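>>> Dropping a prediction and its sequence here:
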Amino acid sequence: MSTSVLPDELVVDILSRLPVKSVCRFKCVCKSWLAFSSNPYYRQKLPRTPAGLLYRQREPVRLPWSLGTSIHLASLPGNGSEIDTRLNFVPLRYKNSNLEDCSNGLLLCYQGGGHKREEISNAIVCNPATQEWMALPNTEPGPPVCSTDLRLCFDPLWSQHFYVFKFQSIPHLTPHIGTTTEVEVFFSEDSSWSGCLWETEHAFVGDALFVNGVLYVKHLWLHEILALDAPDTSAQGLNSRIIQLPGFANDMFNCCDGCLCQASSVLCYAKQEMDGCVVRIWSLEGSDKWVVKHRGRMTDVFGRDNLLSIDTEGYWHFDYDILAFDMERELVFLEYKKADKIISVSISTGKRSRFVKIPKKFTQLYRSLFYVPYYGEVPALVR
């Protein structure tokens, strides 16, 4: 009986459509399949394995009264990746930059905080996995701003180019009205900043995620997200729409309003039910339809039924926050606030494992970012 050998490109195309777990198992089938996972050309097409959570921690530097900001990786159990998150491959002047965002393996860092800044300077986009980077051109000074928020947008399955969306809040011309948020975009394709492409008086400054060419940004307090389509370099504006989130609104809750993530280029959203005993995960199907994909009980994870507390101002809050979730590996990452630790929980079995303890005194947990290394080529980045 004769057997035909499939071309490598066809084998990789088949493997790329499988879950991460299946691809990891198939590495043991034969040496040629194992070679696919280590080949730089094919590896970028295969499902990527998450490395863990990136977080910022303030540590002493040369002067005892000064503190420097460093980036750490809280690795998942079994992760053997050696990633230079301390950015030793970038020039010295960028070493103490703040971690602002992470998108599909790329990091966005810049020096200085996000308040009272008229321009963005010393900003870089880098890839710790390949140790490549680029400095972003400075933005032009503009009117005084109340705050600036940068969002990195990169999806290698959609484009090899990345974007940086800059949301800057500017005091309204009419007193007591508040602020207007203007949006400018950086294009890695030609290394240029646009002018203002979109503006709003609503506070879309929450968590954000870039999926399949669309940037989704949560509202600061309303139970909705803004969807902005990635523009081309000649765009004069941005296509936008508002999508209502599923689940309950946080009117009486002092907590994070759920968590955004993606699975197979589809936007997903995770949030606790009202009593905190169950976490639901939805996926966005079509333009605005949310469908429940998973429902995991947290009572077995924490060993009790009461997962709610009330503060002195009468607001309820959960004993844990959802930091991230990985649909491929069926894991949810939680910050267990009472025990000051982060745990991973299996969605299907409810089994948990503690993989990192971060001292709250020195850590900004709201900057914890889910990190999946990317080893492919990004044309704008260089060594």
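Ah, there it is.
>>> would you list every one of the helices in this protein?
With DSSP state H as the criterion, the chain has helices at 8-15, 20-26, 31-38, 40-43, 299-302.
>>> Which residues are in contact with Val90?
Contact analysis of Val90 by C-beta atoms under 8 Å, 6 or more residues apart in numbering lists 124, 126, 133. C-betas here are computed from N, CA, C, even on glycine.
>>> That one and Asp101, how far apart?
According to C-beta to C-beta, to the nearest Å, Val90 and Asp101 sit 16 Å apart.
>>> What residues are bridge-paired with Ser353?
Ser344 (DSSP bridges).
>>> what's around it, how many residues?
11 (other C-beta atoms under 10 Å).
>>> Quick check: closest non-adjacent residue to Asp326.
Spatial nearest neighbour of Asp326, chain neighbours left out: Pro50 (5.6 Å); criterion: C-beta to C-beta, 6 or more residues apart in numbering.
>>> ok, now Leu284?
Counting by C-beta to C-beta, 6+ apart, the residue nearest Leu284 is Leu267, at 4.3 Å.
>>> these two touch, right, that neighbour and Leu260?
Yes: the criterion here is C-beta atoms under 8 Å, and Leu267 meets it with Leu260 at 6.8 Å.
>>> what do these two both touch?
209, 216.
>>> From what I see, Arg241 and Glu224 are in contact.
No: using C-beta under 8 Å, Arg241 makes no contact with Glu224, being 10.4 Å away.
>>> so Glu377 touches Asn127, yeah?
No: using C-beta under 8 Å, Glu377 is not in contact with Asn127, being 9.8 Å away.
>>> more crowded one of those two?
Taking neighbours as other C-beta under 10 Å, Glu377 and Asn127 compare with Asn127 leading, 23 against 14.
>>> Tell me the buried residues in stretch 5-16?
Using 16 or more other C-beta atoms under 10 Å as the test for burial, stretch 5-16 gives 11-12, 15.
>>> my bad, stretch 305-320
Quick answer for stretch 305-320 (16+ other C-beta under 10 Å): 307-308, 316-320.
>>> go on, stretch 233-241?
In stretch 233-241, counting by 16+ other C-beta under 10 Å, buried: Leu238.
>>> which other residues reach that stretch?
Here stretch 233-241 has contacts from 183, 185, 187, 189-190, 192, 194, 197-198, 226-229, 231, 287, using C-beta under 8 Å, 6+ apart.
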